[in-house]
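1. coordinates only, sequence not included:
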């Protein structure tokens, strides 16, 4: 036994209920206090955030001086923009002149193929000056000066040395052709 236990008399009764928080008997309970009086309700109901949105302020019928000045500046800038036409973007490319035709040839997969085709094209009767416009992704565009009795399409169908030509589109200033070399036709596969 501990020292504290030796001091107590074995017959003494210990009240464990008060130690563990049990309810007190009515005779031991302190007198109940009256609840404080409730405060009076406020004169204005509290603002609700889930209620209707308050009405917006009515706009002024006459704008302020700063607004009028700003509006006038914007109107002036808009009318100035519409009055002056913008200059055209200068372009290197022009429409073919008299006796000229734009020739678009494909497929010419490598620059070597393009160069060989240009050399063969110069040998066609009636073809004069050649000027390369562009070469991209196997497509070659050449401006050709042509003078002959037939159209250029007919002359090309007649033969470009070493190439087979098929016309796929033609208008007044442009001729589109598919090109295959004779060596491509002999290869299997």
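-> Cool, the structure landed. Bear in mind that the values here come from a model prediction, so they are computed numbers and not experimental data. Residues are numbered from 1 along each chain as shown.
2. and for the longest helix along the chain, what are the contacting residues?
-> In the chain, with assignment by DSSP state H, the single longest helix is helix 65-83. By Cβ atoms under 8 Å, 6 or more residues apart in numbering, the surrounding residues in contact with helix 65-83 are residue 63. Just so you know, the C-beta spots here come from the backbone N, C-alpha and C atoms, and that holds for glycine as well.
3. List the buried residues in the lengthiest strand in the chain.
-> If you go by DSSP state E, the chain has its longest strand at strand 127-136. By 16 or more other Cβ atoms under 10 Å, the buried positions in strand 127-136 come out as 127, 135.
4. Moving C-terminal from the longest helix of the chain, which element do we reach first?
-> strand 100-106 (DSSP states H and E).
5. what about the next helix or strand after that next one, average pLDDT?
-> Sequence order places helix 111-121 as the next helix or strand after strand 100-106, per DSSP H and E. Computed over helix 111-121, the mean pLDDT rounds to 91.
6. Helix 111-121 - contacts with which helices or strands?
-> Packing contacts for helix 111-121, counted by 3 or more Cβ pairs under 8 Å, 6 or more residues apart in numbering; DSSP states H and E, involve strand 127-136, strand 139-146, strand 174-181.
7. Mean pLDDT and distance to residue 113 for the ones you listed - can I get that in a markdown table?
-> Formatted as a markdown table, those follow (pLDDT from 0 to 100; distance: least, Cβ to Cβ, whole Å):
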| stretch | mean pLDDT | distance to residue 113 |
| --- | --- | --- |
| strand 127-136 | 90 | 10 |
| strand 139-146 | 93 | 9 |
| strand 174-181 | 91 | 8 |
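8. which intervals of this protein have sub-threshold pLDDT?
-> 1-10, 17-19, 21-32, 41-42, 46-48, 51, 59-60, 80-91, 184-189 (pLDDT under 70).
9. Please repeat the previous calculation with a cut-off of 50.
-> Counting by pLDDT under 50, the ranges of the chain that qualify are 187, 189.
10. nearest to residue 110, of the helices and strands packed on helix 111-121?
-> strand 127-136 (10.1 Å; Cβ to Cβ).
11. Which secondary structure elements does that closest one sit against?
-> Using 3+ Cβ pairs under 8 Å, 6+ apart as the test, strand 127-136 ends up in contact with helix 111-121, strand 139-146.
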